[in-house]
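Colleague: What follows is a predicted protein model with its sequence.
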Amino acid sequence: MSVYELTGRKALVTGGARGLGAGMAEALARAGAAVIIADIREELGKATADSIRQSGATAEFVPLDVTDDASWEHAISRAISDLGGLDILVNNAGVEITSLFVDLDPADVRRMLDVNLLGVALGIKHAFLAMRPGGAAGQGGSVINVASVAATIAFPGIAVYSATKSGVDRLSRVAAMESGKLGYGVRVNCLCPGLVATEMGMQLAQDVAALGLYPSPEHAVGDVIGLTPLGRLGEVADMADAMVFLASEGSRFITGALLPVDGGMGM
Ligand SMILES: NC(=O)c1ccc[n+]([C@@H]2O[C@H](COP(=O)([O-])OP(=O)(O)OC[C@H]3O[C@@H](n4cnc5c(N)ncnc54)[C@H](O)[C@@H]3O)[C@@H](O)[C@H]2O)c1
């Protein structure tokens, strides 16, 4: 059996209803894992789980607002009872609200801090509680936190988003250290995608053009491609395959790492 196989593993993907999260849930299922899609978008999340089930895999939807501690408790205990355990958590849910500093709206700043930072911190909390020895799942596991190339570069119009994603990197490293020191058996890593043409990615291109930072969304995308040694945008599968690696035994001696999956843009 390949070390990248996930047969028998149980995974929960936040923000799995669409975009990168949906692609990651599909990739986990293809690698053999049973998957829970956890999202605030119920209809879309159920449809994504249905479509994964049609391929023969085990997939369920659980409602989750990552900013809410009680919602996490419920989602994790549902995941463990539906799947019979939990070994993999992908903290993928995130929001991006583009703004120049001079226009910053405190409500938007708080929203990004809430979803991107508090949401990931609570995810790590509940994964550790469940996966560490004596927890309801109790077999250790792998947590993958989705940050962004924005954590490593300075792209205009996304200052607060970028700060939250740098924070996700730091959360991941301290979590990896705590887990190791306390013998939880949980690896924690951070995946940094480059720009991908999901709804979020394309909205960003439109927003930076609307702010006057680029003549058009196409110029913004062209600039990103120009800054990328591999010369193209990322694809959902690029991120999903790298995430499967971090979830699998293939990465068994990797923890606290930041893995750029950005065609070299952030180096
Ligand atoms: N698309 C890109 O170019 C890109 C690049 C780098 C990093 N990322 C990161 O990848 C992740 C996924 O991005 P995407 O492009 O698929 O975005 P998306 O907007 O297409 O999907 C995000 C998903 O997260 C869910 N979500 C939002 N708030 C939530 C909450 N409070 N609780 C639970 N779920 C919630 C949404 O309902 C949605 O299904 C995000 O963390 C994003 O910051 C994306």
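Modeller: Done, it's in.

Colleague: For the helix or strand that contains Arg170, the averaged confidence score.
Modeller: Taking DSSP states H and E as the definition, one finds Arg170 inside helix 159-181. Taken as a whole, helix 159-181 carries a mean pLDDT of 98.

Colleague: The helix or strand following that helix close to the ligand?
Modeller: Note on helix 159-181: by DSSP H and E, the next helix or strand toward the C-terminus is strand 186-193. Yes: Strand 186-193 lies within reach of the ligand by CB under 6 Å from any ligand atom, at Pro193. (C-beta placed from N, C-alpha, C; glycine too.)

Colleague: Please look at Gln206 and Pro217 and confirm they touch.
Modeller: Yes: with contact defined as CB atoms under 8 Å, Gln206 reaches Pro217; the gap is 4.8 Å.

Colleague: Quick check on these two: which one has the bigger neighbour count.
Modeller: Pro217 (17 against 14; other CB atoms under 10 Å).

Colleague: Do I have it right that the more buried one meets Ala205?
Modeller: Yes: the criterion here is CB under 8 Å, and Pro217 meets it with Ala205 at 4.0 Å.

Colleague: Flag every residue of the stretch 101-250 of the chain that's near the ligand.
Modeller: Residues of the stretch 101-250 of the chain lying near the ligand (CB under 6 Å from any ligand atom): Val115, Gly119, Val146, Ser148, Pro193, Leu195, Val196, Thr198, Glu199, Met200, Gly201.

Colleague: Of those, which is the most crowded?
Modeller: With neighbours defined as other CB under 10 Å, the most crowded of those is Ser148; it has 29 neighbours.

Colleague: which ones are touching that one?
Modeller: By CB atoms under 8 Å, 6 or more residues apart in numbering, Ser148 lies in contact with Gly94, Tyr161, Ser162, Lys165, Cys192, Pro193.

Colleague: distance of it from Gly185?
Modeller: 28 Å (CB to CB, to the nearest Å).

Colleague: Leaving out sequence neighbours, find the closest residue to the most far-flung residue of the chain relative to its centre.
Modeller: Here the chain reaches farthest from its C-alpha mean at Pro215, the gap being 30.5 Å by CA atoms, centre = their mean. Nearest non-adjacent residue to Pro215, counting by CB to CB, 6 or more residues apart in numbering: Ala209, 7.0 Å away.

Colleague: Next: His219.
Modeller: Using CB to CB, 6+ apart, the closest residue to His219 is Ala209 (7.0 Å).

Colleague: how far away is the one you found from Gly222?
Modeller: 11 Å.

Colleague: Let me see the contact set for Ser172.
Modeller: Counted by CB under 8 Å, 6+ apart, Ser172 has contacts Val143, Asn145, Ala147, Val188, Asn189, Cys190, Gly256, Leu258.
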